[in-house]
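1. Build the 3D model from these lines:
(2 chains)
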There are 2 protein chains.
Amino acid sequence: MLTYSPCARDGNSNGEAAKLGCRVLTLADRLAKHSESTDGLTCTFMTPAHRATAAELLVLMVEAGMMVEEDVVGNVIGRYPAARHNAATLIIASHYDTVRNAGKYDGRLGILAGIVVVEELRRRNVSLPFHVDVVGFSEEEGVRFSTPFIGSAAMAGRFNEAVLNQRDAEGCSLGEALRQTGGDAASIAAIRRPSPLLGYVEVHIEQGPVLLHNGLPLGIVSAIAGLERYHVKIRGVAGHAGTVPMSLRHDAAAAAAEIIALVEQRCSSVPGLMGTVGQLQVPNGAINVIPALCELSLDVRAGEKHALAAAVADILTGIGAVARRRGVTVETEKLVETAPTPCSPRLQKALAAAVARQGVAVRHLVSGAGHDAIMFGGLTDIGMLFVRCGNGGVSHSPLETITAEDADLAVRALFDFLINFESG
Amino acid sequence: MLTYSPCARDGNSNGEAAKLGCRVLTLADRLAKHSESTDGLTCTFMTPAHRATAAELLVLMVEAGMMVEEDVVGNVIGRYPAARHNAATLIIASHYDTVRNAGKYDGRLGILAGIVVVEELRRRNVSLPFHVDVVGFSEEEGVRFSTPFIGSAAMAGRFNEAVLNQRDAEGCSLGEALRQTGGDAASIAAIRRPSPLLGYVEVHIEQGPVLLHNGLPLGIVSAIAGLERYHVKIRGVAGHAGTVPMSLRHDAAAAAAEIIALVEQRCSSVPGLMGTVGQLQVPNGAINVIPALCELSLDVRAGEKHALAAAVADILTGIGAVARRRGVTVETEKLVETAPTPCSPRLQKALAAAVARQGVAVRHLVSGAGHDAIMFGGLTDIGMLFVRCGNGGVSHSPLETITAEDADLAVRALFDFLINFESG
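-> Numbers count the residues shown, from 1 in each chain, chains lettered A, B, ... in the order given. So this is what the prediction gives:
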């Protein structure tokens, strides 16, 4: 069980040990006060709570001595400038929108770590040979308009203007929601990312149990997993549960069971590979009828594209073999395919060195969840630093938690990374 | 593919080869004209179609020279009397109600085979040393009042008067539906079955593929399977499909898959044992969430009570082992338990001899479905003769079919059985 150490956040001034981490947690609490709901935290794109959160972030950035701006999709940007005006820029970013009934750290930790690092750089009068742009992206979760990465896609020049027609549950389109900021297709396309770019670094909670399980506060992300998703429909032959001998059955649920076991076995064979059957149903199943139909979803992820392709190929081949052997038919429909986004070896190495200098054992891990960093993959070097979650690694939940000590280590590692980063 | 031979039923008079079988099919067609629906056959308890079917059966019985009566739950009884008034009685029976959108032979075949046999006995002036009571039970399927075996339970003295309060979909109680026949608790309890009873014989379509698969028109039922039914609820731990490594999961659906495989494997190990997971669901499953809950149904059947108990015990033990190994919890709730009903060795032997005399290889098989015969188990010797179904063995469907030749063999075997039956 991880618990918070006493710190200024609790009105206790003797918590010098994790001062920067306490600052992060205090600021996360402050941001979480802006919510669409009276209990719990919900902050979806372009709602009043979301606008208030952006304003709060801009205030924090100004107070930290940054030059600030907000772009037309609501991204807030604070610059800690290099001495030289035409220096290259390093982006430190994550998102400030949330899922419904969210935790306080998903996304926000990465922005606040950037702000607190800049506060510390300012306090120590550190001058860097590159600009540091701390960015709070306005949208990553895809909750309101069923479109994720609105903020980071816009800054990365990857915004698809077709999504302006996406509507929320009340029928309001994304285009309409952006009128208050002047965000139309042309102004979004005109958003300029800093240039030249040195790299993109994102601090994020792990949203999983690996670091917790391994007793490590921090981890270096080696890649953001790619994924393939399928809908699988198995058609067997209905029959009476009492009159069709086992040997004469073509049971769709039994075929599904074998497929689930196959997915689990194949994906357990390679570290960093994950396979999940999250949806499973015999539609209108009856207790005394052999299932004629069973539907399931398949989600396979890996940090390395060949590992992903090989796993999917093996699973699809295995499904075909199950179908032939059992005399059932299987339709597989590919729903989504995204390639893995590798993190830059150079940034991994620099982050690992910074982590090691905090006295923390270096662990590389694949991020199974998507992050804003994906949008910058291919545009610049990307790097991600994961911070341990408590409560079994739960995220997207009010149970999401991190400790002040771990947040402190994250900020110190980021600070260390910045002051040692070779910009040349 | 089984096809009808040409016979009188098709207006073709050269079908002498399967004359009695054609007569059965013709009468089944005639009964099927009384339906609650304009297309397809539906005949549920005490509806106008059901009453018309009873009247049609009574007419057929009268025309066959039987003494007829209808009891207060709608059972129709036709007696082909022995010369001696106080002779014992052999019951030949099945039910005339149907499921919704039913086939024409489920239940009715057994009544019509009895009537056609009596027609033949009468034609040949055969006198038997025992009364033959051909009975059409009014209810077996349990469709309208969710209570099966109303007719046979009443005649067997096993009617549970509590079910008089069962209501149909329109809110009409069974008690109210029985008012037109004067069927109240007292009059139902007063229904007397023939005494002394020699035995109970039921001819029925197999409702399964075993005879079809083995190329046999007839089969001797060795027992009506007992069954145990369970609802199984598996609770695992939800998690993100991309962030929880395979080794740290407690996946409820993966546990369910293992349980389904276990049920299939255990029940495939013993002939006559059957295990079915007909209901299977991850409630509100999401494609990217490791299932925290999976629910499934379990239906295990066997013709022999020790085989049933051993299979259920092994499956429940196996479920416990899966739960412990995977760190999930499993609740199993027993829904139904019925003991197997063995068929009398004496009647099996006599029916087998009659079948063999038709030139048909003798095959014994377990009935996995329930039948009216169950109600007479323990009261008298019971015997069942199964007739091959076409179309893969489908029943409870308009696709249900039998051939005139098979029906003919069934009637001839029943005739042969009666004239050779040792009543002493």
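2. Please enumerate the strands of the stretch 51-200 of chain A.
-> Listed in chain order, the strands of the stretch 51-200 of chain A (DSSP state E, counting those that start in this stretch) span residues A:67-70, A:76-80, A:89-95, A:131-137, A:197-205.
3. try the stretch 301-424 of chain A
-> Under DSSP E, counting those that start in this stretch, the stretch 301-424 of chain A gives strands at A:329-338, A:341-342, A:364-367, A:382-387.
4. Arrange those strands in a markdown table, one row each, with mean neighbour count as further columns.
-> Using the backbone N, CA and C atoms, a C-beta is placed for each residue, glycine as well. Shown next, in a markdown table, are the strands of the stretch 301-424 of chain A (neighbours: other C-beta atoms under 10 Å in any protein chain shown):
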| stretch | mean neighbour count |
| --- | --- |
| strand A:329-338 | 14 |
| strand A:341-342 | 21 |
| strand A:364-367 | 24 |
| strand A:382-387 | 26 |
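5. Make TSV out of those strands and add distance to residue B:52.
-> Shown next, in TSV, are the strands of the stretch 301-424 of chain A (distance: least, C-beta to C-beta, whole Å):
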stretch	distance to residue B:52
strand A:329-338	42
strand A:341-342	72
strand A:364-367	70
strand A:382-387	75
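6. Residue A:207 and residue A:371, how far apart?
-> Applying C-beta to C-beta, to the nearest Å, the value for residue A:207 to residue A:371 is 9 Å.
7. rewinding a little: just send the strands of the stretch 51-200 of chain A back as JSON lines, with mean pLDDT, mean neighbour count and distance to chain B too.
-> Conversion of those to JSON lines gives the following (pLDDT from 0 to 100; neighbours: other C-beta atoms under 10 Å in any protein chain shown; distance: least, C-beta to the nearest C-beta, whole Å):
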{"stretch": "strand A:67-70", "mean pLDDT": "96", "mean neighbour count": "15", "distance to chain B": "31"}
{"stretch": "strand A:76-80", "mean pLDDT": "98", "mean neighbour count": "24", "distance to chain B": "27"}
{"stretch": "strand A:89-95", "mean pLDDT": "98", "mean neighbour count": "27", "distance to chain B": "16"}
{"stretch": "strand A:131-137", "mean pLDDT": "98", "mean neighbour count": "27", "distance to chain B": "19"}
{"stretch": "strand A:197-205", "mean pLDDT": "98", "mean neighbour count": "26", "distance to chain B": "10"}
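8. For residue A:12, give me the pLDDT.
-> Looking at residue A:12, its pLDDT reads 41.
9. and the strands of the stretch 301-424 of chain A as a markdown table, adding mean pLDDT?
-> Below are the strands of the stretch 301-424 of chain A laid out as a markdown table (pLDDT from 0 to 100):
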| stretch | mean pLDDT |
| --- | --- |
| strand A:329-338 | 95 |
| strand A:341-342 | 97 |
| strand A:364-367 | 96 |
| strand A:382-387 | 98 |
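10. circling back to that earlier point, make CSV from the strands of the stretch 51-200 of chain A and add distance to residue A:281 to it.
-> Shown next, in CSV, are those (distance: least, C-beta to C-beta, whole Å):
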stretch, distance to residue A:281
strand A:67-70, 45
strand A:76-80, 43
strand A:89-95, 33
strand A:131-137, 36
strand A:197-205, 32
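11. Let me know which of those is the nearest to residue A:111.
-> When the strands of the stretch 51-200 of chain A are compared by C-beta to C-beta, strand A:131-137 sits nearest residue A:111, at 4.3 Å.
12. Identify all contacting residues around the closest one.
-> For strand A:131-137, contacts defined as C-beta atoms under 8 Å, 6 or more residues apart in numbering or on different chains pick out A:54, A:57, A:61, A:66, A:75-82, A:87-97, A:107, A:111, A:114-115, A:117-118, A:121, A:151-152, A:155, A:194, A:372, A:418.
13. make it 7 Å
-> Contact with strand A:131-137 is made by A:57, A:61, A:66, A:75-82, A:87, A:89-96, A:111, A:114-115, A:118, A:151-152, A:155, A:194, A:372, A:418, as judged by C-beta atoms under 7 Å, 6 or more residues apart in numbering or on different chains.
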